[in-house]
Structures are given as C-alpha cells and as structure tokens.
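**Q** Fold the stuff below for me.
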Amino acid sequence: TSLSAAYKRADGRKIDGRRVVVDVERGRTVKGWRPRRLGGGLGSTRRGGLPGGKRTVGDDRRRSASRDRKRRSRSRDRRRSRSREHKRRRTRSRSNERRSDRRSSRDRQDSSRRRSR
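**A** This is a model prediction of the structure:
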C-alpha cells in the first residue's frame, strides 16, 4: 500500500542533517488495533481460542504444518552451528595441546640443564 511505501521511504531519512523518525497512526490505519494499555499488544497469535472452543476443520492441519516447518529450520540451524562450534573447538584444542607440549618439552630441557650444572 501507499502508506507502507511512504513509511519505508521516509523512516530514518536525513533532512537538514537530522535523522527523521516516522511513526504510523495505528489507531486509524491498522484495522482492529488497540493500544497495549487497553488490552492490545498481544497480537492474533497470542490470543485465546474462539468463544465456545470451536475450531474450523482445516485449522489444525495448517498450524501443524507451519510448526513442523519452523522446527525443521530450527534443527537445521542448530546442526549448522554445532558443527561450526565443533570445528572451532577442535582447532583451538589442538593448538592448545601443541602449546602445552612445547612448554612441557621446554620444561624438561630446562630441568635437565639444571641437573647437569
């Protein structure tokens, strides 16, 4: 819509060296919007069930499909991040091992030198 286009173009733009903040008059422009102090702010996904507890037939299937999609993407993200972490950990630990090996070998050399004196 033209409102959202205007909002996107103007918000954050600089005029006379000052950044402009554009706010939307939600009371007039967004249907069904209520301020948080009057019970709004929850959004349609956070509200309780329909009065009487009745649901439409296809509702449940749509919900479960979108949930599955979200779960799959989350698990993929988790796998990716874990594999990255694992690689990082491995390289760090190897370098730490090398450092500690060097230190211990130096310590051995130092102690053997001390003994020979």
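
**Q** which regions of this structure sit below the pLDDT cut-off?
**A** Per-residue confidence for the chain (pLDDT under 70) gives these ranges: 42-44, 46-66, 75, 78-117.

**Q** Could you list the domains of it?
**A** According to the domain assignment given by the TED database, the chain is divided into the following structural domains: 1-30, 62-104.

**Q** measure the residue lying closest to Arg26 once chain neighbours are set aside to Glu25 for me?
**A** Ranked by C-beta to C-beta, 6 or more residues apart in numbering and with sequence neighbours excluded, the top spatial neighbour of Arg26 is Trp33, at 4.6 Å. Placement of C-beta: from N, CA and C, glycine included. The gap separating Trp33 from Glu25 is 10 Å, by C-beta to C-beta, to the nearest Å.

**Q** Look at those two and report which has more neighbours.
**A** Neighbour tally, Trp33 and Glu25, criterion other C-beta atoms under 10 Å: the higher count belongs to Trp33, 13 against 9.
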